[in-house]
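Novice: Fold the stuff below for me.
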Amino acid sequence: MNVGHAILLFLIFPGFLFTAVLGLLVSWLDRKVTARVQWRVGPPFYQGFADFFKLLGKETIIPVGASRLAFLGSPLMGVAAVTLASTILIAGMVWPNQSFAGDLIVVFYLLAIPSLAIIIGGAASKNALASLGSSREMKLVLSYELPLILAILVPVIQSGGRLRIGELVQYQMEHGSFAWSLSGVIALLVCIMCLQGKLGLVPFDQAEAETEIMGGALVEYSGAPLAMFKLAKAMMLVAMPVFILAVLWGGLGNTTSSFILGIIKYLVLIVLVTLIRNTNPRVRIDHVMKFFWGLVSAFAVLAVILAVLGV
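Specialist: Next comes the predicted model:
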């Protein structure tokens, strides 16, 4: 792969432009489903784009005493990380032979960076509410990362130790989706719970919690930096479900019917997390940690044991 091709992949498809546009459209779907649950009409499909460009035109205010580099750099770090993760993921599904050794581990770490960007940005703003939001975000990351790692071990074990996304996708093309086994079903349910936390959606939105801490870690952000954070969150609506789809739920396949089925699975994940956030109240952060480290981690360990036993 030459440099020009790599830049094209990162900036156009399946990189930044594709993921950003799709993410803003999916965020509209999220808001539309939310509106229908609440018996409202909901916004037009271009609402996410309008909000993003409106924020870009607003003034950027940097708090007194804030670390300028960390404050302005953290949203860019989040967008860059999710762009790279999405590029590797989608390329691994579309061109399985082009994946590189250990890209599964690389993507896993890249998908953690947007949360770290929120933590850094909130801490750098020198605001008490932002620091509280950063603290909550840190506890959330520590809570859901463990069961998520264990759940991702299930397809690795079932496939005989494969750590390339392309190899996992090809294995599922030949042997069927990992999610059709008992251990795979449990791992998929664990991933969905972790997906809810990773996206920062109710009941795991303690880091923002507008009714409690007025936006939390992002309370001091405005203008373009806030637009970048919002864009990163929208792009995570693409990257995280695609990650689960590729690693556990069969990917997009290599036929028209399997491709359509893959799109339907992706939409099911989006609608599911939207319904969860509209039918559950926000819980306390200590309850979140007990939930992930207790019940969810127990199910994740059970899935790993069943995978080792070949179930």
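
Novice: so where's the longest helix in the protein?
Specialist: helix 128-158 (DSSP state H).

Novice: other SSEs contacting it?
Specialist: helix 103-110, helix 113-124, helix 182-198, helix 210-213, helix 285-290, helix 297-308 (3 or more CB pairs under 8 Å, 6 or more residues apart in numbering; DSSP states H and E). C-beta here means a position set from N, CA and C on the backbone, and glycine is covered the same way.

Novice: most tightly surrounded among those helices?
Specialist: Of all those, helix 113-124 has the most neighbours on average by mean count of other CB atoms under 10 Å, namely a mean of 25.

Novice: could I get that helix in PDB with only the CA atoms?
Specialist: C-alpha atoms of helix 113-124 as PDB (Å, rounded to 0.1, in the frame of the first residue of the first chain):
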ATOM      1  CA  ILE A 113      -8.800   7.000  23.500                       C
ATOM      2  CA  PRO A 114     -12.100   9.000  23.000                       C
ATOM      3  CA  SER A 115     -12.900   8.400  26.700                       C
ATOM      4  CA  LEU A 116      -9.400   9.300  27.700                       C
ATOM      5  CA  ALA A 117      -9.700  12.500  25.700                       C
ATOM      6  CA  ILE A 118     -12.900  13.400  27.700                       C
ATOM      7  CA  ILE A 119     -11.000  12.700  30.900                       C
ATOM      8  CA  ILE A 120      -8.000  14.900  29.900                       C
ATOM      9  CA  GLY A 121     -10.200  17.700  28.500                       C
ATOM     10  CA  GLY A 122     -12.300  17.900  31.600                       C
ATOM     11  CA  ALA A 123      -9.300  17.800  33.900                       C
ATOM     12  CA  ALA A 124      -7.600  20.500  31.900                       C
END
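
Novice: Okay, angle between it and helix 182-198 too, please.
Specialist: 30 degrees (axes from the mean of the first three to the mean of the last three CA atoms, to 10 degrees).

Novice: average pLDDT for helix 113-124?
Specialist: Helix 113-124 carries an average pLDDT of 95.

Novice: And the helices and strands packed on helix 128-158: which comes nearest residue 14?
Specialist: Ranking those by proximity to residue 14 (CB to CB) places helix 103-110 first, at 12.8 Å.

Novice: Could I get the contacting residues of the closest residue to residue 152 other than its chain neighbours?
Specialist: The spatially closest residue to residue 152, leaving aside those adjacent along the chain, is residue 247, at 6.2 Å (CB to CB, 6 or more residues apart in numbering). Neighbouring residues of residue 247 by CB atoms under 8 Å, 6 or more residues apart in numbering: 104, 152, 155, 165, 168, 178.

Novice: how about residue 247, phi and psi?
Specialist: phi -80, psi -30 (degrees, to the nearest 10).

Novice: For it, give me the pLDDT.
Specialist: Residue 247 carries a pLDDT value of 94.

Novice: Distance of residue 83 relative to residue 261?
Specialist: Per CB to CB, to the nearest Å, residue 83 is found 27 Å from residue 261.

Novice: for the record, mean pLDDT for the helix or strand that residue 69 is a member of?
Specialist: Per DSSP states H and E: residue 69 is located in helix 68-94. Helix 68-94 carries an average pLDDT of 93.

Novice: Right, I'll call it a day here.
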